[in-house]
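> Predicted model, plus sequence, below.
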Amino acid sequence: MAEDKKPPQRDNDKQTGLVLEERTRTKKPPMYKVLLHNDDYTTRDFVVWILQSVFHKNESDATVIMMHVHNNGVGVAGVYTFEVAETKVTKTMRLAKAQDFPLQLSIEPVE
Ligand code: TYC
């Protein structure tokens with residue numbers, strides 16, 4: 001049926017003589033900080049172990065982050081895409097609850 005046929009399409013490149021530059025890399029995804037919150041009950045050793053085993057910090061960096069949270073109330077465990085950040089929070093909460101630690105984490109967008 002003639003009515004089903006698309007009308008002739010404008011060809012913007014031919015009309016303007018401009019061709020937009022192609023993307024050579026895909027856009028960077030939004031990134032999120034995983035924040036670790038201080039409390040009076042979770043042991044220092046457990047927090048250092050979490051930072052090593054879940055957030056892949058070496059023992060020295062893990063200790064610095066743990067002490068920063070202990071002294072300042074909150075600190076950054078790492079920066080990830082939303083899905084990775086969420087997975088790390090879920091894993092950490094499960095491991096903390098298994099030992100009855102009230103450790104709290106949160107996620108906040110970078111910038
Ligand atoms: N304040 C805890 C203690 O003295 C240690 C601690 C550090 C707990 C960081 C939580 O996110 C935390 N045992």
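Here it is on my side, so go on.
> Not counting its neighbours along the chain, what's nearest residue 58?
For residue 58, ignoring the flanking residues on the chain, the nearest one in space by CB to CB, 6 or more residues apart in numbering is residue 52 at 7.3 Å. In this view, the C-beta of every residue, glycine as well, is placed from N, C-alpha and C.
> Quick check: phi and psi at the closest residue to residue 72 other than its chain neighbours.
Spatial nearest neighbour of residue 72, excluding adjacent residues (CB to CB, 6+ apart): residue 38 at 7.7 Å. As for residue 38, its main-chain torsions (degrees, to the nearest 10) stand at phi -70, psi 150.
> quick one: contacts for residue 38?
Applying CB atoms under 8 Å, 6 or more residues apart in numbering to residue 38 gives the contacts 69-70, 72-74.
> Identify the farthest-apart pair in these.
70 and 74 (10.5 Å; CB to CB).
> okay, those two: which has more neighbours?
residue 70 (16 against 13; other CB atoms under 10 Å).
> to the chain's geometric centre, what's the distance from the longest helix seen in the chain?
In terms of residue count, the longest helix belonging to the chain (DSSP state H) is helix 82-98. Mean-position distance between helix 82-98 and its chain equals 12 Å (CA atoms, centre = their mean, to the nearest Å).
> And stretch 95-108, by the same measure?
The answer for stretch 95-108 is 17 Å, by CA atoms, centre = their mean.
> now stretch 26-38
For stretch 26-38, the distance to the chain centre is 3 Å (CA atoms, centre = their mean).
> Straight-line length of it, end to end?
Using CA to CA, to the nearest Å, the end-to-end distance of stretch 26-38 comes to 37 Å.
> Show me which residues of that stretch are buried.
By 16 or more other CB atoms under 10 Å, the buried positions in stretch 26-38 come out as 32-36, 38.
> do the same with stretch 104-111
For stretch 104-111, by 16+ other CB under 10 Å, it's 104-105.
> What ranges does the protein have for its helices?
12-16, 44-53, 59-72, 82-98.
> any chance of the ones you listed in JSON lines, plus mean pLDDT?
Below are these laid out as JSON lines (pLDDT from 0 to 100):
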{"stretch": "helix 12-16", "mean pLDDT": "47"}
{"stretch": "helix 44-53", "mean pLDDT": "98"}
{"stretch": "helix 59-72", "mean pLDDT": "98"}
{"stretch": "helix 82-98", "mean pLDDT": "98"}
